[in-house]
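J.: Just the structure for this:
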Amino acid sequence: MLRNLTCFALAAAFAVAPLALTASTADAAKATKICKHKTASGKVKTWTCGATQPCCAAELINYYTCGSKMLGCL
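T.: Okay, the predicted model is just below:
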């Protein structure tokens, strides 16, 4: 049962992952933020998220993405 719930939660998280929006440079700068995470090897991974979205990093599976307002970083 727990495995099914976990799989469902992960599927929901991937389904609601935001798609990158293409906009003008000025609009994009206001609507996004830069997320950075330092990996165990010392490298800095950088990606962009929406201004109101949390930055999520799962270094064990090499997955860096933006969370959602409702679910956060699952």
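
J.: This protein: strands as residue ranges?
T.: Assigned by DSSP state E, the strands in the chain fall at 32-38, 44-50, 55-58, 63-66.

J.: between those, which one is nearest to residue 74?
T.: With C-beta to C-beta, the closest approach to residue 74 among the strands of the chain belongs to strand 55-58: 8.1 Å. Backbone N, C-alpha and C define where each C-beta goes, glycine included.

J.: what residues does that closest one touch?
T.: 33, 35-37, 45, 47, 49, 63-67, 72-73 (C-beta atoms under 8 Å, 6 or more residues apart in numbering).

J.: List only buried entries from the residues you listed.
T.: With burial judged by 16 or more other C-beta atoms under 10 Å, the buried subset of those is 35, 47, 49, 64, 65, 66, 67.

J.: What's the local residue count around the closest residue to the fifth one other than its chain neighbours?
T.: In other words, residue 65. Nearest residue to residue 65, sequence neighbours excluded (C-beta to C-beta, 6 or more residues apart in numbering): residue 56, at 5.3 Å. Per other C-beta atoms under 10 Å, the neighbour tally for residue 56 reads 20.

J.: can you pull up the bridge partners for residue 38?
T.: In this entry, residue 38 is beta-bridged to residue 44, by DSSP bridges.

J.: wait, it sits on residue 64?
T.: No: with contacts defined as C-beta atoms under 8 Å, residue 38 does not count as touching residue 64, sitting 11.6 Å away.

J.: Lowest mean pLDDT among the helices and strands, pick that one out for the chain.
T.: helix 2-15 (a mean of 48; mean pLDDT, DSSP states H and E).

J.: circling back: per-residue confidence at the residue nearest to residue 65?
T.: Looking at residue 56, its pLDDT reads 95.

J.: ok, back up a step: now render the contacts of strand 55-58 as JSON lines, adding pLDDT.
T.: JSON lines is the format used below for the contacts of strand 55-58 (pLDDT from 0 to 100):
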{"residue": "33", "pLDDT": "94"}
{"residue": "35", "pLDDT": "96"}
{"residue": "36", "pLDDT": "95"}
{"residue": "37", "pLDDT": "94"}
{"residue": "45", "pLDDT": "95"}
{"residue": "47", "pLDDT": "95"}
{"residue": "49", "pLDDT": "94"}
{"residue": "63", "pLDDT": "92"}
{"residue": "64", "pLDDT": "93"}
{"residue": "65", "pLDDT": "94"}
{"residue": "66", "pLDDT": "95"}
{"residue": "67", "pLDDT": "94"}
{"residue": "72", "pLDDT": "89"}
{"residue": "73", "pLDDT": "89"}
